[in-house]
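Asks: Need a 3D model of the sequence below.
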Amino acid sequence: VSTQSTGGSVFFNKGENCIAAGRLFVERSIHDEFVARAIEECKKMKIGDPLDRSTAHGPQNHRKHFQSLLDFVDRSVKEGATLAYGGKQVNRPGLFMEPTILTNVSDDNFAAHEESFGPIMIVSPFEDVAHDGHT
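Replies: Residues are numbered from 1 along each chain as shown. All right, here's what the predicted structure looks like:
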């Protein structure tokens, strides 16, 4: 399970880019392991000064956008998503948001059809399917 490269596709530039992976579909048989590994990768991320080359994740650019990310997480959870990791402001001055992982995101959940443009990984399981399309 390659959570390191997947995390990079979600969290690169704090998720503030148009090509960030907004929602990941993970086969149910590996879902829990994938999420556990993704959480471990998030815990390793250095959050801080973006001019420091060892920093993986800097601050959000605007207070309004930062608040919209917190609201995004809150609404998604209220609609049934599970907050597996993060979802809060980092305990330091500035607009630093923890890398966030939402799981159990159903197709009708707010997070399934809206983009956060932030450091939010959305993971939805799908049923195991044989290569010929039969379960």
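Asks: pLDDT wise, what is residue 87 at?
Replies: pLDDT for residue 87: 95.
Asks: can you give me phi and psi for it?
Replies: phi 90, psi 10 (degrees, to the nearest 10).
Asks: longest strand of the protein?
Replies: Counting residues, the longest strand in the chain under DSSP state E turns out to be strand 120-126.
Asks: contact partners of it?
Replies: With CB atoms under 8 Å, 6 or more residues apart in numbering as the test, strand 120-126 has contacts from 6-7, 10-11, 15, 21-28, 31, 34-35, 38, 69, 72-73, 76, 81, 84, 99-107, 111-112. For glycine as for every other residue, the C-beta is placed from the backbone atoms N, C-alpha and C.
Asks: Mark which of the residues you listed are buried, thanks.
Replies: 6-7, 10-11, 15, 22-24, 26, 31, 34-35, 38, 69, 72-73, 76, 81, 84, 99-105, 111-112 (16 or more other CB atoms under 10 Å).
Asks: Is the residue nearest the centre of the chain bridged to anything, and to what?
Replies: Centroid-nearest residue in the chain, with CA atoms, centre = their mean: residue 121, separated by 1.6 Å. Beta-bridge partners for residue 121, by DSSP bridges, are residue 101.
Asks: which residues does the closest residue to residue 102 other than its chain neighbours contact?
Replies: Excluding the flanking residues, the one nearest residue 102 by CB to CB, 6 or more residues apart in numbering is residue 81, at 4.5 Å. By CB under 8 Å, 6+ apart, the contact set of residue 81 is 102, 103, 104, 105, 106, 109, 111, 122.
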